[in-house]
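> pasting the structure only:
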């Protein structure tokens, strides 16, 4: 499903999505095609985002395009003296 269609169906709302196709450019992932999982109430958006796994995420329809910043998780290293 195209993002533009979801934006028309759910204006000014959070939605939970599954990324189907994307491309990476300049340290950002540009999502091209998504599957709509559900519309999410504002109060539940953060919880739904934190519970999302893999290629699922929560995004607001106010954004014209879906562009996600790619972050590298830095782990802690234990140093023994």
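Sure thing, it's come through. From a predicted model like this one, the values you see are computed outputs, not experimental measurements.
> how about the helices of the chain, start to end?
Secondary structure of the chain (DSSP state H): helices at 3-9, 45-51.
> where's the most centrally placed residue in the chain relative to residue 29, distance?
By CA atoms, centre = their mean, the chain has its centre lying nearest to residue 57, at 3.5 Å. Going from residue 57 to residue 29 by CB to CB, to the nearest Å gives 10 Å. Bear in mind the C-beta positions are built from the backbone N, C-alpha and C, glycine included.
> Would you mind grabbing the residues shared as contacts by the two?
Residues touching both residue 57 and residue 29 (CB atoms under 8 Å, 6 or more residues apart in numbering): 19, 68.
> Quickly list what the closest residue to residue 37 other than its chain neighbours is bridged to.
Closest residue to residue 37 apart from its sequence neighbours, by CB to CB, 6 or more residues apart in numbering: residue 16 at 4.2 Å. With DSSP bridges as the criterion, residue 16 is bridged to residue 38, residue 58.
> What score does residue 16 have for pLDDT?
For residue 16, the model assigns a pLDDT of 96.
> related to what we said a few turns ago, now that we have the helices of the chain, can you turn them into JSON lines and tack on mean pLDDT and mean neighbour count?
Formatted as JSON lines, the helices of the chain follow (pLDDT from 0 to 100; neighbours: other CB atoms under 10 Å):
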{"stretch": "helix 3-9", "mean pLDDT": "96", "mean neighbour count": "14"}
{"stretch": "helix 45-51", "mean pLDDT": "93", "mean neighbour count": "13"}
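> looking at these, which is closest to residue 36?
helix 3-9 (5.6 Å; CB to CB).
> Reformat the helices of the chain as CSV; add distance to residue 34.
Below are these laid out as CSV (distance: least, CB to CB, whole Å):
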stretch, distance to residue 34
helix 3-9, 6
helix 45-51, 15
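> Compare those helices and give me the one nearest residue 65.
helix 3-9 (6.9 Å).
> what helices or strands is that closest one leaning on?
strand 28-40 (3 or more CB pairs under 8 Å, 6 or more residues apart in numbering; DSSP states H and E).
> Remind me what the strand it packs on packs against, helices and strands.
Counting contacts by 3+ CB pairs under 8 Å, 6+ apart, strand 28-40 is packed against helix 3-9, strand 14-25, strand 66-69.
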